[in-house]
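Engineer: no sequence on this one, just coordinates:
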């Protein structure tokens, strides 16, 4: 089982980016596979039922946070968990992603999703209702700019042509794409174009339901053989103790990476986080 650490740009790490470097280096030394950002530009104030965190929770920009870590690590993978694609202009997003891909020497895992927080879409003036189409169109634009000699792509009715974006990604098809989301459309998007799928805050029962959804999607849409098997990454609920028994339960479902959110009692202190990282690595083996 691979181990990833979630929230490397949130809270303590947003207020003190040097703490993120220290913890990422500890994870790399302990054999962890990756670190992952969360992404929210704004949060509802006052909090609403769909708020992921209190309104005063600090989030650092994922691209800057991961670039900071990339320069201080060598093998650790850097995941966005996830980029809310409809909130980005796709030409700019293509440049941001390929820049981090180059800076990190190919260690980026490009996690994407359609988003769910209505207040965030309102703040951007972006349609919540069309976020699925916006995501697919944007990913088409990004892929065309990365991979096609004379790219032509349409983004919500706007045609992009007669342009070129250099440099290209290190891989011919770009960094591995990891698709998040629990709707049937998200499962189909993962099967059709993702190297992996990512589920957040899922206990084993919820992970099983999601994987069943991915299997149904695989029976309905074609998957390019060049993508290989779909890698499943899951963040367990914060209340779960990460031990060998829990890891085996997820592994039996087909999960190959746990992107762990440290217990809240650990996330305010670098020393506690390093202890957690080392103890979890030892427990998982």
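Structural biologist: All right, it came through fine. In this text the structure is predicted, and so the values were computed from the model without any measurement. Residues are numbered from 1 along each chain as shown.
Engineer: pull the contacting residues for the closest residue to residue 193 other than its chain neighbours.
Structural biologist: Leaving aside its sequence neighbours, residue 193 sits nearest to residue 177 (C-beta to C-beta, 6 or more residues apart in numbering; 6.2 Å). Backbone N, C-alpha and C define where each C-beta goes, glycine included. By C-beta atoms under 8 Å, 6 or more residues apart in numbering, the contact list for residue 177 reads 110, 112, 139, 193, 194, 195, 196.
Engineer: cutoff 10 Å now
Structural biologist: By C-beta atoms under 10 Å, 6 or more residues apart in numbering, the residues touching residue 177 are 97, 109-112, 139, 142-143, 189-190, 193-197, 227.
Engineer: could you do residue 232 as well?
Structural biologist: Residue 232 makes contact with 178, 190, 196-199, 207, 210-211, 214, 250, 253-257 under the criterion C-beta under 10 Å, 6+ apart.
Engineer: for these, which one is nearest residue 58?
Structural biologist: Distances from residue 58 to the contacts of residue 232, taken as C-beta to C-beta, are shortest for residue 198 (22.7 Å).
Engineer: pretty sure that closest one is in a strand, no?
Structural biologist: Yes. Counting by DSSP: H, G, I helix; E, B strand; the rest coil, residue 198 falls inside a strand.
Engineer: what pairs with it across the strands?
Structural biologist: For residue 198, the beta-bridge partners under DSSP bridges are residue 180, residue 233.
Engineer: how many neighbours does it have?
Structural biologist: Residue 198: 29 surrounding residues under other C-beta atoms under 10 Å.
Engineer: isn't it up against residue 214?
Structural biologist: No. Judged on C-beta atoms under 10 Å, residue 198 makes no contact with residue 214 at a distance of 11.4 Å.
Engineer: with that, I have no additional questions.
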